[in-house]
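based on what follows, work out the 3D shape:
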Amino acid sequence: MNILQALFFPPEQPGGVSSMVPYIQERFNRAGWTMELFSLPKRVRNKGQENVTFETFDANAFAGNPIVDKYLQTYRDYLWWTRMRIKRSYDVIHAHHPIAALVMKQLFPDTPLVMTIHSSYERELILNGRIAEGSDEHRFLTSVYRELEHKADRLLTVSESFRQYMTPYLEAPNDIIVIPNGFDEKRFRPIAHDNQVTQFITVCRLVPAKGLDVLLHACAKLKQQGLPFVLHIIGDGPIRSELEQLAVQLDLYDEIIFYGYMLHPEEFMPFFDVFVLPSRAESFGSVFAEAALCLLALVGTNVGGIGEQIENEVNGLLVPPEDVDALAEAMEKTIVDPSYRYALARAAWDKAKRVYSLTRVVSQLKEVYVGFRSAPEDEDE
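Presented below is the predicted three-dimensional model:
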């Protein structure tokens, strides 16, 4: 089969989708399938001029809204770029962003379209304080789910919790297939080490939705208790300066290191002890599985896909979102008892290897793809 993986970001960009799909392509190509990647380059801006229409709602009702207008212009740009660049046909197109999916179906209506909905743009905007729930922007973005349901031949998502999140916006949410993200185990190499001081690490975009303000306040409590630790923050984003100022205000200058953006943090993570991220929402939370494969203990909030990955006090520690005291208590447990910390890390590693393997994802995707067209016998692994 000839399959196109339609991304939004180029594959060199950080994030669960962009870091996973190239490895999926490698596995399929090695098995004799033809799979290509396609994305919109960052340099393509304000090129498209075509009118954008939807079949399940009227986008004109939201005209003049800056966020909606930007979304629609990005749609036009993706349409312009796709029309110019893709000159061949495919047996299946698998899109990983709503714009990519809708553009591909518009240009190639007879080609089966698979769409994986990885995350919620509107929820991210709400948590980051950019839009209000129930606003025009929120209503526009949630309307896109129904359009995707109408246009795609098969909808996938990455966690049961996110399927439940989309349920109010869909006619047949039970038809969605849940395929959790998977990771190439060869990318992750746990390293034996013995840190005298507990080393926490978090990897994320520095935005309010990730709850790093809660994490810093929890760290301040640990310091007040005289517990030794260092927190390493990998990532960049619009609130970095605010977080750095907060760290100074909380007298955490010696305990926290800001590294900025890093392309391959999985090469760095194995040297630390505990991965901690108190997100306010996560569709899946790929970085938790990646940290588990690096043999780190996990501390996270009981939201979205994180709660599906972590069984509290078995393969990690779960705390309620926004709860500084609970987060500090969980982190304290990993500081004062290294044996307990290692047991959590080992259990997390075992589950990640078993449940979040790339082999499992490839097998599940094959079933989806061949459902549209029978694969030749020699394509089976």
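
stretch 131-144: which residues count as buried?
131, 135, 136, 137, 138, 140, 141, 142, 143, 144 (16 or more other Cβ atoms under 10 Å). C-betas here are computed from N, CA, C, even on glycine.

quick one: which of these sit in helices?
Counting by DSSP state H, those place 136, 137, 138, 140, 141, 142, 143, 144 in helices.

what number of residues lie near the closest residue to the last one other than its chain neighbours?
Closest residue to residue 144 apart from its sequence neighbours, by Cβ to Cβ, 6 or more residues apart in numbering: residue 98 at 5.2 Å. Residue 98: 22 surrounding residues under other Cβ atoms under 10 Å.

state the distance from residue 44 to residue 8.
12 Å (Cβ to Cβ, to the nearest Å).

more neighbours: which of these two?
residue 8 (19 against 14).

show residues contacting the top helix by length along the chain.
Ranked by residue count under DSSP H, the longest helix found in the chain is helix 66-85. Contact partners of helix 66-85, identified using Cβ atoms under 8 Å, 6 or more residues apart in numbering, comprise 8, 38, 40-41, 44-50, 52, 59, 62-63, 99-100, 102-104, 106-107, 125, 130-131, 136-137, 140-141.

among those, which are located in helices?
Members of the contacts of helix 66-85 lying in helices (criterion: DSSP H): 99, 100, 102, 103, 104, 106, 107, 125, 136, 137, 140, 141.

what's the closest of these to residue 314?
residue 125 (33.9 Å; Cβ to Cβ).

show me what the nearest residue to residue 257 once chain neighbours are set aside is bridged to.
In this structure, residue 257 finds its nearest non-sequential neighbour in residue 232, 5.1 Å apart by Cβ to Cβ, 6+ apart. Partner residues in beta bridges with residue 232, using DSSP bridges, are residue 201, residue 257.

what's the neighbour count on residue 232?
Neighbours around residue 232, by other Cβ under 10 Å: 18.

check residue 346 too.
15.

let me know the secondary structure of it.
When classified by DSSP: H, G, I helix; E, B strand; the rest coil, residue 346 comes out as helix.

what sits against it?
By Cβ under 8 Å, 6+ apart, the residues touching residue 346 are residue 295.

which other helices and strands does the lowest-mean-pLDDT helix or strand in the chain contact?
The least trusted helix or strand in the chain, going by mean pLDDT, DSSP states H and E, turns out to be helix 16-30, with a mean of 86. On a contact count with 3 or more Cβ pairs under 8 Å, 6 or more residues apart in numbering; DSSP states H and E, helix 16-30 meets strand 2-6, strand 34-38, helix 286-293, helix 358-370.

how does it look with 6 Å?
strand 34-38 (3 or more Cβ pairs under 6 Å, 6 or more residues apart in numbering; DSSP states H and E).

how close does the residue lying farthest from the centre of the chain sit to residue 330?
Most distant residue from the mean C-alpha position of the chain: residue 226, 35.0 Å away (Cα atoms, centre = their mean). Distance check for residue 226 against residue 330: by Cβ to Cβ, it reads 18 Å.

same question, residue 168
Distance from residue 168 to residue 330, by Cβ to Cβ: 32 Å.

now swap in residue 156 and tell me
From residue 156 to residue 330 the distance is 32 Å (Cβ to Cβ).

neighbour count winner among these two?
Shown here are residue 156 and residue 330; by other Cβ under 10 Å, residue 330 has more neighbours (24 against 20).

hmm, residue 304 and residue 321 touching each other?
No. If you go by Cβ atoms under 6 Å, residue 321 and residue 304 don't touch, sitting 10.0 Å apart.

of the two, which one has the most company?
A side-by-side neighbour count of residue 321 and residue 304, using other Cβ under 10 Å, places residue 304 first with 26 against 17.

sweet, I'm off.
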